[in-house]
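S.K.: From the sequence below, what's the structure:
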Amino acid sequence: MFTNKNPKPLLKVFTAAIIFFAGFFSAIETPAADTIRVLLLDNKNSKLPQKNERVEKLGNGKGSALLSGMKYSGVLEVWKGDNGLYVINELPFEEYIKGVVAAEVGSSWDIEALKAQAVVARTYALIQKQAGGNNKIAYHLTSSVLHQVYKGGNVHENISRAVSETQREVLTYEGKPIIAYYHSTSGGITEDPVEVFGKSYPYLKPVSTNCEISPFYLWEKRFSLQDLEKAANVKALEEIAIDSFTVSNRVRNLKFMAAGKEYVIPAKDLRKNIGWDKLPSTFITGLRKDNDTFIFEGKGYGHGVGMCQWSALQMAKAGKNYKEILATFYPNTIIELYENR
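M.R.: Modelled structure (predicted):
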């Protein structure tokens with residue numbers, strides 16, 4: 001991310017390097033009410049505006065843009081902060097849902113699984129939008145796994161169909177949109193949200209699943225002594241053991257023996273620190289040491305709460321429709337149409 005005290009040279013470098021579109025700083029009309037604002041992030045640019053960071057809007061434009069190799073359409077804004085530049089894509093709400101479905105699951109998936117994904121993505125996004133977003137630069141969510149992955153560009157006709165045939169449908173409980181958490185692969189059972197997010201919901205309880213078709217159903221990962229010491233913030237690591245389990249039999253805490261002392265490390269913190277993609281889940285089923293390497297065996301990918309995407313696909317292949325899939329993972333919820341706002 002570029003930083004510079006002089007915004008004009010900074011903007012010139014920024015636009016030349018990663019973003020191109022006609023009339024970038026031309027005046028634009030006020031967007032329609034049914035839009036959403038997404039802070040664009042990728043693996044190279046993952047910084048968020050900080051609470052006390054000074055930010056100023058450099059400009060905006062309407063059209064198409066190329067950012068980090070991905071094409072985005074709609075209104076784009078560039079903001080300059082103390083820690084770099086931030087780009088926000090404002091676009092029609094339903095077009096955003098197409099971009100989420102395209103990024104989260106494959107276009108070749110069964111249509112009922114795509115529809116289920118469209119409804120949960122829409123529900124999740126609506127909650128984030130209603131929350132008001134970040135006050136600094138007024139975005140509702142990011143394009144990364146911090147919220148839900150979103151990519152621009154044209155989408156496959158199957159995805160457009162899934163979004164169109166579920167247009168404006170969201171999951172509700174007692175008349176309000178739910179917190180529609182979802183993840184890649186459960187490993188056989190979903191997790192209680194209190195174990196991950198510290199809060200319970202009547203429509204999110206552990207559910208037995210079948211997701212053996214997932215490439216992440218079983219895994220084995222190796223970590224060096226140094227990587228684990230850094231992730232757990234300990235020195236002279238000797239051994240690691242499982243300390244306690246969650247209600248779904250995932251690992252809640254790990255016990256690190258280091259320099260003659262014992263440290264209890266929450267498994268979700270270890271996963272965050274070492275990398276969500278490097279340690280796929282906290283569903284750890286085996287743990288052993290081989291010289292200066294620790295070998296983790298486990299199941300699943302993601303936090304485990306809510307809909308398991310690969311289970312949804314397996315259910316769709318077995319003939320379940322999207323409403324049946326959603327009812328399995330979010331019991332006692334109702335599908336309703338959200339109002340444009």
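S.K.: after the top helix by length along the chain comes which helix or strand?
M.R.: Longest helix in the chain, counting residues (DSSP state H): helix 111-130. Per DSSP states H and E, the first helix or strand lying C-terminal to helix 111-130 is strand 141-142.
S.K.: Next secondary structure after that following strand?
M.R.: Following strand 141-142 in sequence, per DSSP H and E, is helix 157-165.
S.K.: relative to helix 111-130, how tilted is that next one?
M.R.: 60 degrees (axes from the mean of the first three to the mean of the last three Cα atoms, to 10 degrees).
S.K.: Figure out how far helix 157-165 is from the centre of its chain.
M.R.: How far helix 157-165 lies from its chain's middle: 21 Å, per Cα atoms, centre = their mean, to the nearest Å.
S.K.: So which elements touch the helix or strand that it is followed by?
M.R.: Moving toward the C-terminus from helix 157-165, the next helix or strand (DSSP H and E) is strand 169-173. Identification of packing neighbours for strand 169-173 by 3 or more Cβ pairs under 8 Å, 6 or more residues apart in numbering; DSSP states H and E yields helix 111-130, strand 334-337. Glycine gets a C-beta too; all of them are placed from N, C-alpha and C.
S.K.: neighbouring strands for the last one, and are they parallel or not?
M.R.: Which is strand 334-337. Here strand 334-337 is paired, per DSSP bridges, with strand 169-173 (antiparallel).
S.K.: So for the partner strand, what gets flagged as buried?
M.R.: 169-173 (16 or more other Cβ atoms under 10 Å).
S.K.: residues in contact with the helix or strand following that strand?
M.R.: Downstream of strand 169-173, the first helix or strand assigned by DSSP H and E is strand 176-177. Identification of contacts with strand 176-177 by Cβ atoms under 8 Å, 6 or more residues apart in numbering yields 123, 126-127, 130, 170-171, 338.
S.K.: swap the cut-off to 7 Å and go again
M.R.: 123, 126-127, 170-171 (Cβ atoms under 7 Å, 6 or more residues apart in numbering).
S.K.: Find the residue ranges of the stretch 1-150 of the chain scoring beneath the pLDDT cut-off.
M.R.: 1-33, 43-45, 134 (pLDDT under 70).
S.K.: where do the strands sit along it?
M.R.: 35-39, 55-67, 70-81, 84-92, 141-142 (DSSP state E, counting those that start in this stretch).
S.K.: Could you single out the most deeply buried of those strands?
M.R.: Stretch with highest mean neighbour count among these: strand 35-39 (a mean of 24; mean count of other Cβ atoms under 10 Å).
S.K.: tell me the angle that one makes with helix 111-130.
M.R.: Using the same axes, to 10 degrees: strand 35-39 against helix 111-130 is 80 degrees.
S.K.: What separation do you get for the residue with the largest distance to the centre of the chain and Val145?
M.R.: The outermost residue of the chain relative to its centre, with distances by Cα atoms, centre = their mean, is Gly260 at 38.2 Å. Distance from Gly260 to Val145, counting by Cβ to Cβ, to the nearest Å: 37 Å.
S.K.: Repeat that for Pro215.
M.R.: On the measure of Cβ to Cβ, Pro215 and Val145 end up 17 Å apart.
S.K.: repeat for Gln130
M.R.: 21 Å.
S.K.: What of Gln117?
M.R.: Applying Cβ to Cβ, the value for Gln117 to Val145 is 15 Å.
S.K.: same deal with Val101?
M.R.: On the measure of Cβ to Cβ, Val101 and Val145 end up 15 Å apart.
S.K.: which of these two has more neighbours?
M.R.: Val101 (32 against 13; other Cβ atoms under 10 Å).
S.K.: Looks like that one contacts Val119 (just checking).
M.R.: No: at 10.0 Å, Val101 does not count as touching Val119 under the criterion of Cβ atoms under 7 Å.
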